[in-house]
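1. the sequence and its predicted three-dimensional model are supplied below.
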Amino acid sequence: MVTKVRGWTDQRTERVIGELLRWGVALSAVVVVVGGAVYLVRHGMQPPSYGVFRGEPSDLRNVEGILGQVRTGRGRGIIQLGLLLLIATPVARVAFSVVAFALERDRLYVAITLIVLAVLTFSLAGSHF
């Protein structure tokens, strides 16, 4: 017989996951809006250059660079941080699911969810391995 941690139910797990997703998306949206406001205050009057494509600078393509931009109060860095938070939200949901399944002592779902978490981590890390 499988025993669950006292007071931990499937409904509680679903409720916590729902709140995690809701707060993650809301926090991400707030950070992006703040970053957009900072960017517009500093660069809103500059004329756009539609004839030349400029991708993201290299310092906005990694976490360290983004955090450096955020520390200096740059709008583009803050926007990128909001996008990182948005990407991190479902990853946090999967990580929480591992804990919840472990509390429920459901070894099969722990194993499956750990595989999903490993695939997510590997895909997000990209070529850094």
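-> Received, thanks.
2. I'd say G68 and G77 touch.
-> Yes - with contact defined as C-beta atoms under 8 Å, G68 counts as touching G77 (7.2 Å). (C-beta placed from N, C-alpha, C; glycine too.)
3. tell me where this structure has helices.
-> 10-43, 63-71, 75-103, 107-125 (DSSP state H).
4. now the second one: how far from the chain's centre is it?
-> Chain-centre distance of helix 63-71: 15 Å, with C-alpha atoms, centre = their mean, to the nearest Å.
5. isn't V98 up against A111?
-> No - using C-beta under 8 Å, V98 and A111 do not qualify as a contacting pair, with a distance of 9.5 Å.
6. with adjacent residues omitted, what lies nearest to G77?
-> With C-beta to C-beta, 6 or more residues apart in numbering as the criterion, G77 has its nearest non-adjacent residue at 2.3 Å, and that residue is Q69.
7. ok, now how distant is that neighbour from W8?
-> Q69 is 40 Å from W8, where distance means C-beta to C-beta, to the nearest Å.
8. so between those two, which is more surrounded?
-> Higher neighbour count among Q69 and W8: Q69, with 21 against 14, using other C-beta atoms under 10 Å.
9. for that one, give me its contacts.
-> The contact partners of Q69, taken as C-beta atoms under 8 Å, 6 or more residues apart in numbering, are D59, L60, R76, G77, I78, Q80.
10. fine by me, we can end here.
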